[in-house]
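Chemist: Sharing a sequence plus its predicted fold:
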Amino acid sequence: MRAVAGYIPILLDCEGRPCLVIGGGMIAERKTQALLEAKAMVTVISPELSQGLFTLYETNRIMWERRVFAGGDTQGYWMVHATTDQEMVNQRIAEEANLKGILVNVASHTEASTFLNPAVMRRGRLTIAVSTEGAGPIVATNICKLLNEEYGDEYEIYLDFLYLMRAEIKKSVNSPKQRHKLLRKLTEYPILEEIRQGRFKAWSETQIHLWIAKNEED
Ligand SMILES: C[C@@]1(CC(=O)O)c2cc3[nH]c(cc4nc(cc5[nH]c(cc(n2)[C@H]1CCC(=O)O)[C@@](C)(CC(=O)O)[C@@H]5CCC(=O)O)C(CC(=O)O)=C4CCC(=O)O)c(CCC(=O)O)c3CC(=O)O
Ligand SMILES: NC(=O)C1=CN([C@@H]2O[C@H](COP(=O)(O)OP(=O)(O)OC[C@H]3O[C@@H](n4cnc5c(N)ncnc54)[C@H](O)[C@@H]3O)[C@@H](O)[C@H]2O)C=CC1
């Protein structure tokens, strides 16, 4: 058994990157959907496709090579998902990708993967990813459902506000020490409460600069 906590959670920028999904069933469809949401360029290799994948192919959202996996197929890809129902094939895909240093996820065999897909919940700029390191994917999904109730729509508005303020502070305050002070102060400001109570109005540019000027002096 693998020791626990052997993974580093990271967020990957997949935009425009060539990703390969091998297999065309429901699991391939789920992994493809996630890749498309992250704006990846997806190719599927499989003799057949699920209805959902076929629709994506017909609408030119993915490329499809209608055949079984062959040695060398992973060449040139940035990331690979092995999702066939043939464990031996999935293992071969993993070995090949590993030799080439390509990120690989094996749906049928956690230990053969170089990365795992956590359960995910999103609220605008907030992403919460939950992993059980493969022990219980359904438990991970259930924890996400609980978090989904805890972190409501107010976080979307709140993080958009923080994003804007952070960008302004980075632009107009040169000293790193001052920037840190301001960014810390900003998170102490009761914006979330204001949003929850329906009292929050987006700050104008003048308001933002006044706040920066006032808090820089303190
Ligand atoms: C290691 C990991 C690798 C990976 O796929 O990245 C993995 C591995 C395996 N899953 C298996 C089974 C199931 N997985 C799900 C569901 C999900 N699985 C996901 C992730 C992960 N699954 C990664 C670790 C996550 C973590 O850290 O906890 C989710 C969270 C995200 C996603 O898939 O993107 C997604 C939620 C979908 C959603 O929320 O919609 C269901 C339920 C369902 O499908 O409804 C079942 C059936 C019930 C059961 O078996 O528990 C099997 C056995 C296969 C077999 O029996 O042959 C293996 C292989 C093994 O155990 O070795
Ligand atoms: N990680 C996860 O979240 C989960 C993983 N699984 C695992 O994922 C596997 C796939 O699940 P499903 O999509 O439901 O299976 P499925 O049977 O619906 O789809 C398998 C697909 O692989 C294709 N295929 C078979 N041999 C191939 C080859 N040599 N080359 C290319 N494509 C090939 C088939 O044509 C089919 O499209 C399961 O066998 C299971 O081990 C299952 C549930 C959840």
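Modeler: Cool, the structure landed. Numbers count the residues shown, from 1 in each chain. Ligands and ions are numbered 1, 2, ... in the order given.
Chemist: quick check: mean pLDDT across the lengthiest helix in the chain?
Modeler: Determined from DSSP state H, the single longest helix within the chain is helix 154-172. Averaged over helix 154-172, pLDDT sits at 94.
Chemist: ok, now stretch 97-105?
Modeler: pLDDT averaged over stretch 97-105 gives 98.
Chemist: go on, stretch 117-134?
Modeler: On average, stretch 117-134 scores 96.
Chemist: Check whether it comes into contact with ligand 2.
Modeler: No - applying CB under 6 Å from any ligand atom, one finds that stretch 117-134 is not in contact with ligand 2, the shortest distance being 7.1 Å. In short, each C-beta sits where N, CA and C put it, glycine included.
Chemist: Sort out which residues of the longest helix of the chain are buried, please.
Modeler: 154-158, 161-162, 165, 168-169 (16 or more other CB atoms under 10 Å).
Chemist: Can I get it in CSV, CA atoms only?
Modeler: Taking only C-alpha atoms (Å, rounded to 0.1, in the frame of the first residue of the first chain), the coordinates of helix 154-172 have been written out as CSV:
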residue,chain,number,x,y,z
GLU,A,154,-21.2,35.4,-1.9
TYR,A,155,-17.7,34.0,-2.5
GLU,A,156,-18.0,34.6,-6.2
ILE,A,157,-18.7,38.3,-5.6
TYR,A,158,-16.1,38.5,-2.8
LEU,A,159,-13.3,37.0,-4.9
ASP,A,160,-14.1,39.2,-7.9
PHE,A,161,-13.7,42.1,-5.6
LEU,A,162,-10.5,40.8,-4.1
TYR,A,163,-9.1,40.2,-7.6
LEU,A,164,-9.8,43.7,-8.7
MET,A,165,-8.4,45.2,-5.5
ARG,A,166,-5.3,43.0,-5.6
ALA,A,167,-4.6,44.1,-9.2
GLU,A,168,-5.0,47.8,-8.3
ILE,A,169,-2.7,47.4,-5.2
LYS,A,170,-0.1,45.6,-7.3
LYS,A,171,-0.2,48.3,-9.9
SER,A,172,-0.1,51.4,-7.7
